[in-house]
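sharing a sequence plus its predicted fold:
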Amino acid sequence: MANTTSAKKATRKIARRTAVNKSRRTQMRGSVRTVEEAIATGDRAAAVKALADAEPALMRAAQRNIIHKNNASRKVSRLTAQIAKLAK
């Protein structure tokens, strides 16, 4: 348990940030999931549209240190490659 006033405040602050970050992470994962579902159904047009929504969400999450920037770039790259395969 926190003893000092500053430690107690830090605990409250961490709890608030955690709630915000959980929400952002959930939203990001949902947008990635819609792309993956579109790829799974083979609908290229829907996948491209979903990726256009998911990429900014991933990059925003990386900017806000919810995920690492390389992780976000890797996800975008892999999703783009899977969509490219659908065209063949």
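Here it is on my side, so go on.

spatially central residue for the chain, please.
With distances taken as C-alpha atoms, centre = their mean, the residue of the chain nearest its centroid is M28 (3.2 Å).

I'd like to know which elements the helix or strand hosting it is packed against.
According to DSSP states H and E, M28 maps onto helix 5-41. If you count contacts as 3 or more C-beta pairs under 8 Å, 6 or more residues apart in numbering; DSSP states H and E, helix 5-41 packs onto helix 44-63, helix 69-87. For every residue, glycine as well, the C-beta is placed using N, CA and C.

pick the most deeply packed of the ones you listed.
helix 44-63 (a mean of 17; mean count of other C-beta atoms under 10 Å).

just to revisit the earlier point, buried ones in the helix holding M28?
R24, M28, S31, V32, T34, V35, A38, I39 (16 or more other C-beta atoms under 10 Å).

circling back to that earlier point, how far away is the residue nearest to the centre of the chain from A15?
21 Å (C-beta to C-beta, to the nearest Å).

quick revisit: in TSV: the helices and strands packed on helix 5-41, plus mean pLDDT and distance to T5.
Formatted as TSV, the helices and strands packed on helix 5-41 follow (pLDDT from 0 to 100; distance: least, C-beta to C-beta, whole Å):
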stretch	mean pLDDT	distance to T5
helix 44-63	96	32
helix 69-87	96	35
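
turn these into JSON lines, columns for distance to A7.
Below are the helices and strands packed on helix 5-41 laid out as JSON lines (distance: least, C-beta to C-beta, whole Å):
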{"stretch": "helix 44-63", "distance to A7": "28"}
{"stretch": "helix 69-87", "distance to A7": "31"}
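
I'd like to know which of those is closest to M1.
When the helices and strands packed on helix 5-41 are compared for distance to M1 using C-beta to C-beta, the nearest one is helix 44-63, at 31.6 Å.
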